[in-house]
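> A predicted structure for the sequence below; I have some questions about it.
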Amino acid sequence: MLIIGGCSFGDDALWPSLTGEDPSGSAPTAVATAPVEAPDTGPPLLGQTNFEAPGVTPGQPTGTLVGQKVEELRADLARLQGQLSGQNNRLQSQRNTARDSANAYHQLIGQINARLQVGSTPGNPQLVAQWNQAQGELVRVGESISELNALATESASTSALAAFLLDSTRATFGLYGALEEDHRQLAILEDEVNKTVVIIDRLLNELTQDVARSQNYYSTERSNLTALAIAIDNGEFLGGSLANRAYGIPPPPIPGGAAGLVGRTAPLVVIRFERADVNYDQALFTAVSQALERRPNAAFDLVAVAPGLGSPSQVALATNKSRRDAEGVLRSLTSMGLPADRVSLSATTNPNAQISEVHLYVR
């Protein structure tokens, strides 16, 4: 259990103080956190439409110049519909590839999360192998997005060509020397060009939506995969990436830095580095996650606190060590998905500190 409020907990390696000011601004209250569950985003929601060309109605030559123009336009429409069919086939193929890779990815992620929920050994090689497979599946989803982007560019050109063909077809009605049969065939051709234009536009619109959804999905899952790598290193699940949250505008940094907070304001988290392998990721993630739930626009001040007693050389060495410890905590926060512009880093000394400490304050 993590306790937020007037309590703290600790062991030989980690003393995270979750006793600071309540992030919502109200009086501190004791709140116990429930076990964190793995997020279930699911595969990207891609379109289902199959875009089929309406076909081209054949016509008999009339021997007029207008009739020859109609035959040329009919051939242009056939080529245009051939492009449409090819692009539709590529779209369906990329959709299937993205869905298959995403389903395989989520199956692997589900297996990893199930192991982490009950606890596993840090750096379990089986989980690492599954993570690498999941990363490969996600890479294939990313490759399908690149193909969809290229296809969207081609479809935009096809749409422009279709619009030009429609204008040319309509302009042909004004040509001199046409037979009634020419205009009859031309009217049929105009209808078919119109239908083709509509289908191409719908394909382009749905393709644009597929690209946007796939890119959002890919970005989210890359963040989740990074957070999952941390969980595998620790042998337990931390939670979904902090990058998936909707953030507000953070308040500005404290003028002159946040070092003056030490000893005057209760921190959200205090990490004491009594040894090299302090396991603080889960407690840090939980505290930051809860702070963001209460105040989505929260920012954080990370302060490296070094012991201020001893000779100048001892103080300098301690200051350098506390800075390195704080940089490690900052890397952990960014790996969890917290944007770097949400965290400011500063350093100070404290004569009351016996060992290197890192304090995290909510701004």
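Structure's in. What do you need?
> burial count for Tyr361?
By other Cβ atoms under 10 Å, 21 other residues sit near Tyr361. C-beta coordinates here come from the backbone N, C-alpha and C atoms, glycine included.
> could you double-check that it lies in contact with Thr265?
Yes: using Cβ atoms under 8 Å, Tyr361 is in contact with Thr265, at 6.4 Å.
> what residues are up against Ser344?
Ser344 is in contact with 253-254, 257-258, 299-302, 363, counting by Cβ atoms under 8 Å, 6 or more residues apart in numbering.
> same check, this time on Ala318
306-307, 310, 349, 356.
> equivalent analysis for Gln83, please.
158, 161.
> look at it and report its pLDDT.
If you check Gln83, the pLDDT there is 94.
> roughly how far apart are Gln87 and Ser155?
6 Å (Cβ to Cβ, to the nearest Å).
> these two: which is more packed in?
Neighbours per residue (other Cβ under 10 Å) separate Gln87 from Ser155, with Ser155 holding more: 26 against 20.
> in the stretch 251-363 of the chain, which spans are strands?
In the stretch 251-363 of the chain, the strands defined using DSSP state E, counting those that start in this stretch lie at 269-272, 300-307, 343-350, 357-362.
> packing partners of the first one?
In other words, strand 269-272. helix 281-294, strand 357-362 (3 or more Cβ pairs under 8 Å, 6 or more residues apart in numbering; DSSP states H and E).
> in PDB, list the C-alpha atoms belonging to it.
Extracted in PDB, the C-alpha atoms of strand 269-272 (Å, rounded to 0.1, in the frame of the first residue of the first chain):
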ATOM      1  CA  VAL A 269       8.400  12.200  -2.600                       C
ATOM      2  CA  VAL A 270      11.800  11.900  -0.900                       C
ATOM      3  CA  ILE A 271      14.200   9.300  -2.100                       C
ATOM      4  CA  ARG A 272      17.200   8.500   0.100                       C
END
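> let me see the mean pLDDT of it.
Mean predicted confidence for strand 269-272 is 93.
> hmm, Asp325 is touching Ala347, no?
No: if you go by Cβ under 8 Å, Asp325 and Ala347 don't touch, sitting 10.2 Å apart.
> joint contacts of the two?
Joint contacts of Asp325 and Ala347 (Cβ under 8 Å, 6+ apart) are Ala304.
> of these two, which one has the most company?
Counted by other Cβ under 10 Å, Asp325 and Ala347 do not tie: Asp325 has more neighbours, with 22 against 18.
> give me every residue that touches that one.
271, 273, 304, 356, 358.
> again, but for Pro253
299, 301, 344, 363.
> repeat for Ser101
137-138, 140-141, 144.
> hmm, 7 Å instead?
137, 140-141 (Cβ atoms under 7 Å, 6 or more residues apart in numbering).
> same thing with Thr158?
With Cβ under 7 Å, 6+ apart, Thr158 has these contacts: 80, 83-84, 87, 200.
> closest to Ile188 out of these?
Leu80 (15.8 Å; Cβ to Cβ).
> hang on, that closest one packs against Ala160?
No: shown here, Leu80 and Ala160 do not form a contact pair, counting by Cβ atoms under 7 Å, at 11.0 Å.
> looking at the two, which one has more neighbours?
Taking neighbours as other Cβ under 10 Å, Leu80 and Ala160 compare with Leu80 leading, 21 against 11.
> returning to that earlier point: so which of the contacts of Ser344 sits lowest on pLDDT?
Note: of the contacts of Ser344, the lowest pLDDT belongs to Gly257, at 68.
> related to what we said a few turns ago, could you name every residue contacting both of Gln87 and Ser155?
Joint contacts of Gln87 and Ser155 (Cβ under 7 Å, 6+ apart) are Leu203.
> could you count how many residues lie near the closest residue to Arg99 other than its chain neighbours?
Excluding its sequence neighbours, the residue lying closest to Arg99 (Cβ to Cβ, 6 or more residues apart in numbering) is Pro43, at 5.8 Å. Other residues near Pro43 come to 18 when the count uses other Cβ under 10 Å.
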